[in-house]
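Participant: One predicted model, sequence on top.
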Amino acid sequence: MTEEKIVQQLHEYEKKIIKFLQNKKIASIEEIQKATKLNKDAVEKAYQIALDLNGSIVLFSPGATSFSMFNNEFHRGEEFNKVIYQL
């Protein structure tokens, strides 16, 4: 299976998950996007905790799909870096 085909399938799964959550009235698209959006407040809090712990390391990792909020993994990384460099 090609990388392009895998990406297409992932986007289809994202659409199915969103539709399921909306149909079951579990979450609206706005709630889904809010839950998956990089939260600047959380990043700042983690940074502050790391400083309080003598410069401990904070590791951020995507815990779930971003529901097509980004063009690709590079765009997601760029947005993440913007938040980090604002600290």
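Facilitator: Structure received. Residues are numbered from 1 along each chain as shown.
Participant: buried sites along stretch 5-16?
Facilitator: Neighbour counts over stretch 5-16 (16 or more other C-beta atoms under 10 Å) mark residue 14 as buried. For glycine as for every other residue, the C-beta is placed from the backbone atoms N, C-alpha and C.
Participant: so how far is that stretch from its chain's centroid?
Facilitator: With C-alpha atoms, centre = their mean, to the nearest Å as the basis, stretch 5-16 stands 16 Å off its chain's centre.
Participant: quick one: low-confidence ranges for this structure?
Facilitator: 7, 10, 29, 32-39, 62-65, 67 (pLDDT under 70).
Participant: The residue lying farthest from the centre of it and residue 46, how far apart?
Facilitator: Each residue of the chain has a distance to the centre, and by C-alpha atoms, centre = their mean the biggest one is for residue 54: 27.6 Å. Taking C-beta to C-beta, to the nearest Å as the measure, residue 54 falls 15 Å from residue 46.
Participant: Alpha carbons only: can I get the strand or helix carrying residue 17 in CSV?
Facilitator: Element membership of residue 17 [criterion: DSSP states H and E] is helix 3-23. The C-alpha coordinates for helix 3-23 follow below in CSV (Å, rounded to 0.1, in the frame of the first residue of the first chain):
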residue,chain,number,x,y,z
GLU,A,3,1.8,6.3,1.5
GLU,A,4,-0.7,8.3,-0.5
LYS,A,5,-3.3,5.5,-0.1
ILE,A,6,-2.6,5.2,3.7
VAL,A,7,-3.1,9.0,4.1
GLN,A,8,-6.4,8.8,2.1
GLN,A,9,-7.6,6.0,4.3
LEU,A,10,-6.7,7.9,7.5
HIS,A,11,-8.7,10.9,6.3
GLU,A,12,-11.7,8.7,5.6
TYR,A,13,-11.4,7.3,9.1
GLU,A,14,-11.3,10.8,10.5
LYS,A,15,-14.5,11.7,8.7
LYS,A,16,-16.2,8.5,10.0
ILE,A,17,-15.1,9.3,13.6
ILE,A,18,-16.4,12.9,13.4
LYS,A,19,-19.7,11.7,11.9
PHE,A,20,-20.1,9.1,14.6
LEU,A,21,-19.4,11.6,17.4
GLN,A,22,-21.8,14.1,15.9
ASN,A,23,-24.6,11.6,15.2
